[in-house]
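*Asks:* Model the structure of this input:
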Amino acid sequence: MTVYVDDAVWPWRGERWAHLMADTLDELHAFAQRLGKPRAAFQDKLSGCHYDVTARMRERAIQLGAVAISRHRDRAQVRAIIQRARDQASGRAP
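*Replies:* Modelled structure (predicted):
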């Protein structure tokens, strides 16, 4: 299974933010904990289950083994990751 982090392009509160996603929700939560993200920061959105991370956290996530992906270049992959997360959150997937 894999953890992914997209481009840090979302401006908010003076920083650029990215989305931390994974093939499984368990893996996502475990990885986010390693980054120091509290479970309360988890976002179970229709756009995909994820944690928001700053550009600095994104770089740390990559150092820890997350795969950098682009919402612009890797659209099909991003859509598949989001769909897997939706399926898991709704109980339709293991």
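
*Asks:* From now on I want contacts and neighbour counts done on CA atoms only, so please keep to that.
*Replies:* Noted.

*Asks:* now stretch 59-78: how far from the chain's centre is it?
*Replies:* With Cα atoms, centre = their mean, to the nearest Å as the basis, stretch 59-78 stands 8 Å off its chain's centre.

*Asks:* which parts of that stretch are buried?
*Replies:* Using 16 or more other Cα atoms under 10 Å as the test for burial, stretch 59-78 gives 61, 66, 67, 69, 78.

*Asks:* from the residues you listed, which is closest to residue 54?
*Replies:* residue 61 (10.2 Å; Cα to Cα).

*Asks:* rewinding a little: which of the buried residues of stretch 59-78 lies closest to residue 8?
*Replies:* Nearest to residue 8 among the buried residues of stretch 59-78 is residue 69, at 10.3 Å by Cα to Cα.

*Asks:* Show the contacting residues for the closest one.
*Replies:* Each residue near residue 69 by Cα atoms under 8 Å, 6 or more residues apart in numbering is listed here: 4, 5, 6, 7, 78.

*Asks:* Which ones among those lie within strands?
*Replies:* 4, 5 (DSSP state E).

*Asks:* follow-up on the earlier one: what would the buried residues of stretch 59-78 look like in JSON lines with distance to residue 42 and secondary structure?
*Replies:* Formatted as JSON lines, those follow (distance: Cα to Cα, whole Å; DSSP: H, G, I helix; E, B strand; the rest coil):
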{"residue": "61", "distance to residue 42": "16", "secondary structure": "helix"}
{"residue": "66", "distance to residue 42": "17", "secondary structure": "coil"}
{"residue": "67", "distance to residue 42": "19", "secondary structure": "strand"}
{"residue": "69", "distance to residue 42": "19", "secondary structure": "coil"}
{"residue": "78", "distance to residue 42": "18", "secondary structure": "helix"}
